[in-house]
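# Got a predicted structure plus its sequence, pasted below:
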Amino acid sequence: GQNIDQPTEMTATEGAIVQINCTYQTSGFNGLFWYQQHAGEAPTFLSYNVLDGLEEKGRFSSFLSRSKGYSYLLLKELQMKDSASYLCAVKSTDKLIFGTGTRLQVFP
Amino acid sequence: SAVISQKPSRDICQRGTSLTIQCQVDSQVTMMFWYRQQPGQSLTLIATANQGSEATYESGFVIDKFPISRPNLTFSTLTVSNMSPEDSSIYLCSARTGESTEAFFGQGTRLTVV
């Protein structure tokens, strides 16, 4: 079966750093994605990892360990606009299977 | 990248009726998918829309309930049949081009069944 787990909710303070974890057990693996989704909007692509290690893109970084079935999304210098849901998704063959999603609230 | 338009953006429907949602992409794409997102939840894959052939459904979803068409490389429809209040959800169309790694999403169709 497919199992992709994330914490349901997280809170953080503006300017801080937050790490959102994702663990997965899937029947196939062709890469791991992170998406951001603001309430009432479509998910938007943040990052993609297919090899182990850290991918950095501005304030956002994503890490993958395939042997551990683990990824995290790191958000630095948090801003109020980062309050959103963050979705981890595993690419299995040609389709994306989404995790449970993490709702992040950033407070001033 | 690809821009995806969905119609309608929202609808309120009577139980027992059917609604067809349209998804139009502004460029030719290799893969198209339909997802459901219930309030406060993550995305659940309904099916892969295959061009010129029957869709590939995920476990728990069947063609009689969610018939899907994809007549060409830029357009797909999802029908929610014989609706009940449990079908109230957001339905999202997604697409991927041959060159892109990531999938793009439409704005979604918010369906309420009363």
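Structure received.
# Could you use CA atoms for every contact and neighbour count after this?
Will do.
# confidence score at residue A:1?
Here, the pLDDT recorded for residue A:1 equals 69.
# so what's residue B:87 up against?
Residues near residue B:87 by C-alpha atoms under 8 Å, 6 or more residues apart in numbering or on different chains: B:80, B:111, B:112, B:113.
# Now for these: which two are most distant?
Maximum pairwise distance among the contacts of residue B:87 (C-alpha to C-alpha): 11.5 Å, between B:80 and B:112.
# partner residues bridging the most centrally placed residue in chain B?
Nearest to the mean C-alpha position of chain B, counting by C-alpha atoms, centre = their mean, stands residue B:34 at 3.4 Å. According to DSSP bridges, the partner residues bridging residue B:34 are residue B:47, residue B:93.
# ditto for residue B:78
For residue B:78, the beta-bridge assignment (DSSP bridges) gives partners residue B:21, residue B:68.
# and if you look at residue B:110?
With DSSP bridges as the rule, residue B:110 is bridged to residue B:10, residue B:90.
# SS state for residue B:5?
Taking DSSP: H, G, I helix; E, B strand; the rest coil as the rule, one finds residue B:5 in the strand state.
# Could I get the contacting residues of it?
B:23, B:24, B:25, B:106, B:107.
# follow-up on the earlier one: kindly indicate which of the contacts of residue B:87 lies nearest chain A.
Relative to chain A, the closest of the contacts of residue B:87 is residue B:111; by C-alpha to the nearest C-alpha it sits at 12.9 Å.
# pLDDT score assigned to that closest one?
Residue B:111 carries a pLDDT score of 97 in this model.
# got the buried residues for stretch B:53-71?
B:55, B:56, B:57, B:66, B:67, B:68, B:69, B:70 (16 or more other C-alpha atoms under 10 Å in any protein chain shown).
# Same question for stretch A:76-86.
For stretch A:76-86, the neighbour count (16+ other C-alpha under 10 Å) marks A:76, A:78, A:79, A:82, A:83, A:84, A:85, A:86 as buried.
# Ok, stretch B:85-104 next?
Quick answer for stretch B:85-104 (16+ other C-alpha under 10 Å): B:87-97, B:102-104.
# Mind checking the pLDDT average for it?
89.
# That one: end-to-end distance?
In terms of C-alpha to C-alpha, to the nearest Å, the two terminal residues of stretch B:85-104 are separated by 28 Å.
# now stretch B:22-38
Its first and final residues considered, stretch B:22-38 spans 19 Å by C-alpha to C-alpha.
# can you list contacts of that stretch?
A:94-95, B:2-8, B:43-50, B:73-78, B:88-98, B:106.
# From the chain's centroid, how far away is it?
Distance, stretch centre to chain centre, for stretch B:22-38: 6 Å (C-alpha atoms, centre = their mean, to the nearest Å).
# Alpha carbons of stretch A:94-108, as CSV, please.
Extracted C-alpha coordinates of stretch A:94-108, given in CSV (Å, rounded to 0.1, in the frame of the first residue of the first chain):
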residue,chain,number,x,y,z
ASP,A,94,3.6,8.4,-13.5
LYS,A,95,1.3,9.6,-10.8
LEU,A,96,1.7,11.8,-7.6
ILE,A,97,0.5,10.3,-4.4
PHE,A,98,0.0,13.0,-1.7
GLY,A,99,0.7,12.9,2.0
THR,A,100,-1.7,14.0,4.7
GLY,A,101,-0.5,17.6,4.5
THR,A,102,0.8,20.0,7.2
ARG,A,103,-1.0,23.2,8.0
LEU,A,104,1.5,25.8,9.0
GLN,A,105,0.5,29.0,10.9
VAL,A,106,3.1,31.8,11.2
PHE,A,107,2.5,34.3,14.0
PRO,A,108,4.0,37.7,14.3
